[in-house]
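1. with the input below, show me the fold.
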Amino acid sequence: MAQTRDDRYFASDPSQRQMARTLYAQVKDLPLICPHGHVDPRLLSAEHYNWGSPVDLLIIPDHYVFRMLYSQGIHLEDLGIPRRDGGATEKDHRKIWQTVCDHWYLFRGTPTSLWLRDELRDIFGIEQKMTSANAQTIYDALAERLQQPAFQPRRLFERFKIEVLATTDAATSRLEEHQKLRDSDWHGRVIPTFRPDAVVNIQPGFAEQIRLLSEVSEIDVSDYRTYLTALEQRRRFFREMGATATDHAALSAYTGRLSAHEAEAIFQRAMKDGASAEDARRFTGHMLIEMARMSVEDGLVMQIHIGSSRDHNPDLLARFGRDMGADIPTASEFTHNLKPLLDLFGSDPRLSLIVFNLDETTYSRELAPLAGHYPALRLGPPWWFFDSVLGMRRYFDTTVETAGIYNTAGFNDDTRAYPSIPARHDVWRRVSSDWLARQVVEGIIDEEDANEMIVDLAYRLAKQSYKLEG
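-> Below you'll find the model as predicted:
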């Protein structure tokens, strides 16, 4: 017998399902803690925001949607994705929406279909399935809702019960939108996150990024010493603007110290476009240690996202730029790669290091044992390709026996798609409730512990891990 909507993602076993219902009831209406994501702060910095069309809101910004369609031979130009060269793309948003709905069957069984289904029902009050026949009716309903004051971003923020939302901002950002939020009479808590990848990971355009760093920090970055000084200045600025965390992306978890002389030599080669791939690898590994050192000193929580081979499709990169759904997971190693950083700071109570990874084989073999030992280390939730019902279940099954839940960081939605925030949190809360219910039914934990653990997983762990208590 099919699950009811209220029991979605709960087990079919009656005892487990009833316990899951009881646990979920405790957390379904708790405020949302959103400590890591990619929502554009411009949505919230002004009292009135123009969403554009349903395609502007739900299709063009969402690589989860267009990567699936691309995999079935649909050109990104036909979905309205802008080309780098200004070449022709589809401008008729009704036609784009029809194309998406004609192919929505491709998303059956995926988290994208669950999120969008819940968004349509719970936010926009649209009960119809996305199909070819319903496409234009749904488009009209969405377009009409997006014009209403109740669907303005600030009103939705309040309706979603978001307690705090962190954006992700380049190290060179002046945080103008965050300043507008501070100057407004609206009281939603929206904070920045320091993301220094462009000025730490040596890649094309590195010298221009360092020029921008000099400009915004008002420090003449001419060598490695002034480079570090400028980074420390930017971190102070972000903290003054409310940031509690940093965020770092790297292909590998490699860390290793360079001497000051080596770091200076690589920095100078990078400024002249002469750094090798090995230079870049060693510099990033060294700077992760430096970022940990700075976090020890200034208290910012440090996040590391590991294991995405970015822009795997060179044709899409050339035509459309970065982040076009062509990022692919890679195998990762942590036990040896993180050791130089952990040797220095793994037992330091001043460091909070949250690690995310796209290689699930590392969960039980490396990450859970590491987090179950080093006081500084916590595991981030299942990320990106594994932010799903099955991904969450595998995460719990492979990490909790070794690390417990209190060496994890709870949940964050990690989304650019603002309306998907409550849907993503709801999936986590339902899967967490069901997983804990199974533990109770099987006698692994008792009901009293489960009642406390579900609130921790849904709310308290994220708040504590990201130092958002204030």
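
2. next, find the distance separating the residue nearest the centre of the chain from residue 167.
-> Nearest residue to the geometric centre of the chain (Cα atoms, centre = their mean): residue 414, 2.3 Å. Here residue 414 is placed at a distance of 12 Å from residue 167 (Cβ to Cβ, to the nearest Å). (Each C-beta comes from the backbone N, C-alpha and C, glycine too.)

3. who's in contact with the residue nearest to the centre of the chain?
-> Contacts for residue 414 (Cβ atoms under 8 Å, 6 or more residues apart in numbering) come out as 36, 37, 38, 383, 384, 387.

4. which of those tops the neighbour count?
-> With neighbours taken as other Cβ atoms under 10 Å, the top of the contacts of residue 414 is residue 36, carrying 27 neighbours.

5. that one contacts residue 304, correct?
-> No. Residue 36 lies out of contact with residue 304 (Cβ atoms under 8 Å); the separation is 11.7 Å.

6. the closest residue to residue 155 other than its chain neighbours: neighbour count?
-> Nearest residue to residue 155, sequence neighbours excluded (Cβ to Cβ, 6 or more residues apart in numbering): residue 149, at 6.6 Å. Residue 149: 9 surrounding residues under other Cβ under 10 Å.

7. from residue 156, how far off is residue 149?
-> Taking Cβ to Cβ, one finds residue 149 at 11 Å from residue 156.

8. C-terminal to the helix or strand where residue 64 lies, what's the next element?
-> Element membership for residue 64, per DSSP states H and E: helix 63-71. Reading on from helix 63-71 to the C-terminus, the next helix or strand found by DSSP H and E is helix 93-102.

9. what's the following helix or strand after that next one?
-> Heading C-terminal from helix 93-102 (DSSP H and E), you reach helix 111-118.

10. only alpha carbons, please: show the helix or strand just after that next one as PDB.
-> Counting by DSSP H and E, the element after helix 111-118 in chain order, helix or strand, is helix 135-146. What follows is helix 135-146, C-alpha atoms only, in PDB (Å, rounded to 0.1, in the frame of the first residue of the first chain):
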ATOM      1  CA  ALA A 135       2.500  22.900 -17.900                       C
ATOM      2  CA  GLN A 136       0.900  26.100 -18.800                       C
ATOM      3  CA  THR A 137      -1.700  26.000 -16.000                       C
ATOM      4  CA  ILE A 138       1.100  25.600 -13.400                       C
ATOM      5  CA  TYR A 139       3.100  28.300 -15.100                       C
ATOM      6  CA  ASP A 140       0.200  30.700 -14.900                       C
ATOM      7  CA  ALA A 141      -0.400  29.900 -11.200                       C
ATOM      8  CA  LEU A 142       3.200  30.400 -10.300                       C
ATOM      9  CA  ALA A 143       3.500  33.700 -12.300                       C
ATOM     10  CA  GLU A 144       0.400  34.900 -10.400                       C
ATOM     11  CA  ARG A 145       1.800  34.000  -7.000                       C
ATOM     12  CA  LEU A 146       5.100  35.600  -7.700                       C
END
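
11. what's in contact with stretch 266-282?
-> By Cβ under 8 Å, 6+ apart, the list of residues contacting stretch 266-282 reads 201-203, 206-207, 210, 223-224, 227, 252, 254, 256, 258, 262, 283.

12. which pair in those spans the largest distance?
-> 223 and 252 (26.5 Å; Cβ to Cβ).

13. hang on, residue 304 in a strand?
-> Yes. Counting by DSSP: H, G, I helix; E, B strand; the rest coil, residue 304 is found in a strand.

14. all helices of the stretch 251-400 of the chain, in order?
-> Per DSSP state H, counting those that start in this stretch, the stretch 251-400 of the chain carries helices over the ranges 260-271, 277-298, 314-320, 339-345, 362, 368-371, 389-403.

15. so where's this structure uncertain?
-> Applying pLDDT under 70 to the chain picks out residues 1-3, 470.

16. domain-wise, how is it divided?
-> Recorded structural domains for the chain (assignment: automatic domain parsing) are 5-49+152-465, 51-148.

17. give me whichever of those is most buried.
-> domain 5-49+152-465 (a mean of 19; mean count of other Cβ atoms under 10 Å).

18. what about it, how long is it end to end?
-> End-to-end distance of domain 5-49+152-465 (Cα to Cα, to the nearest Å): 32 Å.

19. cool, and stretch 404-413?
-> End-to-end for stretch 404-413, by Cα to Cα: 21 Å.

20. check stretch 349-357 too.
-> Start and end residues of stretch 349-357 are separated by 23 Å (Cα to Cα).

21. just the residues contacting that stretch, thanks.
-> The list of residues contacting stretch 349-357 from outside it, by Cβ under 8 Å, 6+ apart, reads 253, 292, 295-297, 299, 301-307, 332, 334, 338, 341, 345, 363, 367, 371, 375-381, 383, 409, 465, 467.

22. rewinding a little: can you say which of the helices of the stretch 251-400 of the chain is nearest to residue 68?
-> Of the helices of the stretch 251-400 of the chain, nearest to residue 68 by Cβ to Cβ is helix 314-320, at 14.1 Å.
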